[in-house]
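Peer 1: sequence unknown, structure follows:
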DNA sequence: TATGAATGAGTTTTCATTCAT
DNA sequence: CATGAATGAAAACTCATTCAT
């Protein structure tokens, strides 16, 4: 919800502001992030900032939106749209892999999201009530997996959806630690990650 | 590392300060936490605060120490000490259950720890280099489990230890959401949780 | 080294701030000087102060620079530049007289310098290593005086340069006492001072 | 004017407090000096301090008194008492030499006095109106010197007494610079200093 | 729309002094 | 007398936001 003035800006300038904001929000928690740092890096005037955004939170929400949009690009949209044609574990693997690709290629955006992750209060301000889209999505996936008889019918959808969400974050933590890419992962490559996903799957797949 | 003066205080007053600090650190991130709020709630003078603690960080470290100490009380110490007498999954279940018990009974302390969890910089200041004790512990457990031939030898100890850590946090997130206890969990009780743990185990136990 | 914002200020406002700062630094030692007093007298907001200056020391350095600049105006620059055309004692008298003129007309600036004079630590922070320019200057003068055969060759340049510096301060103390101009001196005028300088000269001039 | 309680203290304890105070007042200006530092070094309780002294200034005055008393010990008391038997320049040399001996042997006390020297306000609080004893003393000496026909009758007693005072400080500055004894002076010894005094004398002695 | 100066509430911290035991 | 905890005024400094041009 930036002001229209912001969108009237030349592409280049808008980009510079966006990048500066991402840098700052990746480095510091929302409350610690300093507008001063952002305007300086972006090379704009203090007053201009408030002509583009209502306040710090307004900018933050916008940046988060960009993160979400960017994140979506890493998911194979075809699989999502035609998800009835794919198996549950294929889809799950794709979700996880997309998360990993995103982490590897957009570590800064990941850092921003991670910072938000623990601040429930802020999340609510940013996303209102429905701030747990990730879990919601897994819930849908699980329901469909059960319908297709791919999953152990004993599982509790509520609980497992949350576990899958948590595992997603864990996976990312594994490859992206302390603001740096974990070199071990890069060496051994995706193969290792795939094996890892395999073990996770064991927990919920239908017992024969 | 509070000053001796703090420990000389009458139990009751010390407790009041501790509680006030916990309240504030549970509500806000370290940098956002306000000494003013703490001293007001504790009913002490501004100057007194600095007679008890070197600064805000000093108090925070102390509170974190209390959290860790409290957390340990929730783990069956007998099992930890004589862990060779227990199976890997028995131990794992105990760890997870202890986390859940802690979350249910000490939600405020949990919130404090969670806030710290995402702030790597702060963690290093509080704990020095060894701030990932949780993962280290799971790594030990896994190695012993492998030795006892209870686990799939194909698993990557590094990776799985991190997954188990992440799962632990997920479990806690499931029952403790938005600073309130998730009522669903309390209704259905530990039984449900136990089932959940069971599914997790599938992922790594030895294939027959 | 104030910020550019300070120099962008309208002359009048800048002057008001400068005057307020001079008042405070003339009254109190650097560490005792209060920013609050300065901003109140200058009629600016607390935050503005920190937009103009990095901190109290930044302002202080600036004020000292102004003092030094002002002081230089009181020395006959022609004599300094063409000093080979003048006798040693002529030059010495000019230096001393300039100090006296400065003291009479800028008692506040003198007070500021005097306060700094005893704080070696602060001097080093303000001026770095070369903080004894006064003595250095007298040393040069003495060397030239010896070359021109005007001075007793037995004198120790190191020692006498320090004595001359000290005498300079003494002279100033004589006419400027307790932050007020000593009225006696004003009555009897420069003539008396000139006589005083004459006696000082006896100590080092070449014996016939 | 410490309280009687202070003087009832065992010699050893009193000495420890005195030493601690001297250390602090030698290091920092009165306003910067911290009671905390003093009580810690002296090993006494905070409350005790205020049982011995009314406040910080009370202690300071006492320390200054001790400094003055100590200083007097360095002057040849016989010469002072029977000063009619000595020549003006003999007496003057003794005064100066005593200052130098004091500076060499009691650098800490000298530092305390020097710090006080520039703080006119504080001086008045410590000494009331008659805080310029040094100048007063030189004035007496000069008058007697004139009576004995040893001095140039043209000199202005007011002015020269102040100059002599200033020279005294300069001498001390020469041998005691930046809180350390100037090594050059120690090497060349008192002889050099004596020569220095000789040059000073030239300025005021009776012309033949 | 752009600019950047102005604002002031809010925060941490220090320290002399008082007070209760 | 000794002790050391209690106090709170005051200081420096930060920073999001407003305002005037």
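Peer 2: Ah, there it is. Because the structure is a prediction, the values reported are computed rather than measured.
Peer 1: anything in stretch A:119-132 near DNA strand F?
Peer 2: No. For stretch A:119-132, no contact with DNA strand F is found by C-beta under 7 Å from any atom of the strand; the gap never falls below 12.1 Å. The C-beta positions use only the backbone N, C-alpha and C, and glycine is treated the same way.
Peer 1: What's the end-to-end length of that stretch?
Peer 2: End-to-end distance of stretch A:119-132 (C-alpha to C-alpha, to the nearest Å): 13 Å.
Peer 1: Residues in contact with that stretch: which ones?
Peer 2: Outside stretch A:119-132, the residues that touch it by C-beta atoms under 8 Å, 6 or more residues apart in numbering or on different chains are A:29-30, A:57, A:60-61, A:64, A:116-117, A:133, A:136, A:165, B:29, B:178-179.
Peer 1: Quickly list the domain ranges of chain A.
Peer 2: Domain segmentation of chain A under automatic domain parsing yields A:4-64, A:74-202.
Peer 1: Could I get the contacts of stretch A:119-132 in a markdown table, plus columns for distance to DNA strand E and secondary structure?
Peer 2: Formatted as a markdown table, the contacts of stretch A:119-132 follow (distance: C-beta to the nearest atom of the strand, whole Å; DSSP: H, G, I helix; E, B strand; the rest coil):
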| residue | distance to DNA strand E | secondary structure |
| --- | --- | --- |
| A:29 | 15 | coil |
| A:30 | 15 | coil |
| A:57 | 17 | helix |
| A:60 | 19 | helix |
| A:61 | 19 | helix |
| A:64 | 23 | helix |
| A:116 | 21 | helix |
| A:117 | 24 | helix |
| A:133 | 32 | helix |
| A:136 | 35 | helix |
| A:165 | 33 | helix |
| B:29 | 11 | coil |
| B:178 | 23 | coil |
| B:179 | 20 | coil |
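Peer 1: Tell me which two of the residues you listed sit farthest apart.
Peer 2: Greatest spatial distance in the contacts of stretch A:119-132: A:136 and B:29, 26.6 Å, computed using C-beta to C-beta.
Peer 1: ok, those two, which is more surrounded?
Peer 2: Using other C-beta atoms under 10 Å in any protein chain shown, the more surrounded residue of residue A:136 and residue B:29 is residue B:29, with 20 against 13.
Peer 1: which among the contacts of stretch A:119-132 end up buried?
Peer 2: Among the contacts of stretch A:119-132, the ones that count as buried by 16 or more other C-beta atoms under 10 Å in any protein chain shown are A:29-30, A:60-61, A:64, A:116, A:165, B:29.
Peer 1: so where's chain A shaky on pLDDT?
Peer 2: Scanning chain A for pLDDT under 70 picks out A:130-131, A:176-193, A:195-196, A:200, A:203-205, A:207-208.
Peer 1: and the domains of chain A as TSV, adding distance to residue B:172?
Peer 2: Shown next, in TSV, are the domains of chain A (distance: least, C-beta to C-beta, whole Å):
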stretch	distance to residue B:172
domain A:4-64	21
domain A:74-202	9
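Peer 1: neighbours of the closest residue to DNA strand E within chain A, just the number please.
Peer 2: Taking C-beta to the nearest atom of the strand, DNA strand E has its nearest neighbour within chain A at residue A:47, 1.7 Å off. Residue A:47 has 8 neighbours, counted by other C-beta under 10 Å.
Peer 1: Buried ones in the helix or strand harbouring it, by neighbour count?
Peer 2: Assigned by DSSP states H and E, residue A:47 falls within helix A:46-52. Of all the residues in helix A:46-52, those buried under the rule 16+ other C-beta under 10 Å are A:48-49, A:52.
Peer 1: Of those, just say which sits nearest to residue A:93.
Peer 2: residue A:52 (40.5 Å).
Peer 1: what about the strands in chain A?
Peer 2: A:176-177, A:180-181 (DSSP state E).
Peer 1: What residues does residue A:28 make contact with?
Peer 2: Residues near residue A:28 by C-beta under 8 Å, 6+ apart: A:34, A:115.
Peer 1: how far away is whichever residue of chain A sits closest to chain C from residue A:39?
Peer 2: Here the residue of chain A nearest chain C is residue A:46; by C-beta to the nearest C-beta that distance is 10.5 Å. As judged by C-beta to C-beta, to the nearest Å, residue A:46 and residue A:39 stand 6 Å apart.
Peer 1: And for residue A:202?
Peer 2: Distance from residue A:202 to residue A:39, counting by C-beta to C-beta: 51 Å.
Peer 1: Looking at these two, which has the bigger crowd around it?
Peer 2: The residue with more neighbours, out of residue A:202 and residue A:39, is residue A:39; 19 against 16, by other C-beta under 10 Å.
Peer 1: Do I have it right that the more buried one meets residue A:51?
Peer 2: No. Using C-beta atoms under 8 Å, residue A:39 is not in contact with residue A:51, being 11.7 Å away.
Peer 1: re earlier: so which other helices or strands are in contact with the helix holding residue A:47?
Peer 2: For helix A:46-52, the elements it packs on are helix A:4-8, helix A:35-42, judged by 3 or more C-beta pairs under 8 Å, 6 or more residues apart in numbering or on different chains; DSSP states H and E.
Peer 1: is the longest one up against DNA strand F anywhere?
Peer 2: Pointing back at helix A:35-42 there. Yes. Using C-beta under 7 Å from any atom of the strand, we find that helix A:35-42 touches DNA strand F at A:35-36.
Peer 1: Now do that helix: distance to the chain's middle.
Peer 2: Put simply, helix A:35-42 sits 24 Å off its chain's centre (C-alpha atoms, centre = their mean, to the nearest Å).
Peer 1: what about residue A:167, how many neighbours?
Peer 2: Neighbours of residue A:167 (other C-beta under 10 Å): 25.
Peer 1: Can you tell me the closest non-neighbouring residue to residue A:143?
Peer 2: Nearest non-adjacent residue to residue A:143, counting by C-beta to C-beta, 6 or more residues apart in numbering or on different chains: residue A:157, 6.3 Å away.
Peer 1: if I pick the closest residue in space to residue A:111 that isn't next to it in sequence, what's in contact with it?
Peer 2: Distances taken as C-beta to C-beta, 6+ apart place residue A:26 nearest to residue A:111, at 4.1 Å, with adjacent residues excluded. Counting by C-beta under 8 Å, 6+ apart, residue A:26 makes contact with A:108-109, A:111-112, A:115.
Peer 1: 10 Å instead?
Peer 2: For residue A:26, the contacting residues are A:33, A:63, A:67, A:106-115, A:179, by C-beta atoms under 10 Å, 6 or more residues apart in numbering or on different chains.
Peer 1: What of residue A:27?
Peer 2: Shown in contact with residue A:27 (C-beta under 10 Å, 6+ apart): A:33-34, A:37, A:108, A:111-112, A:115, A:179, B:121.
Peer 1: what do you get for residue A:134?
Peer 2: Residue A:134 sits next to A:95, A:99, A:117, A:161-162, A:164-166, A:168-169 when contact means C-beta under 10 Å, 6+ apart.
Peer 1: Can you turn the buried part of those residues into a PyMOL selection?
Peer 2: Per 16+ other C-beta under 10 Å, the buried members of these correspond to this PyMOL selection:
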select buried, chain A and resi 95+99+161+162+164+165+166+168+169
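Peer 1: circling back to that earlier point, turn the buried ones among the contacts of stretch A:119-132 into CSV, including distance to DNA strand F.
Peer 2: Formatted as CSV, the buried ones among the contacts of stretch A:119-132 follow (distance: C-beta to the nearest atom of the strand, whole Å):
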residue, distance to DNA strand F
A:29, 11
A:30, 9
A:60, 10
A:61, 12
A:64, 16
A:116, 17
A:165, 31
B:29, 14
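Peer 1: Quick one: name the residues of chain A near DNA strand F.
Peer 2: Within reach of DNA strand F by C-beta under 7 Å from any atom of the strand, chain A has these residues: A:33-36, A:46-47, A:49-50, A:55-57.
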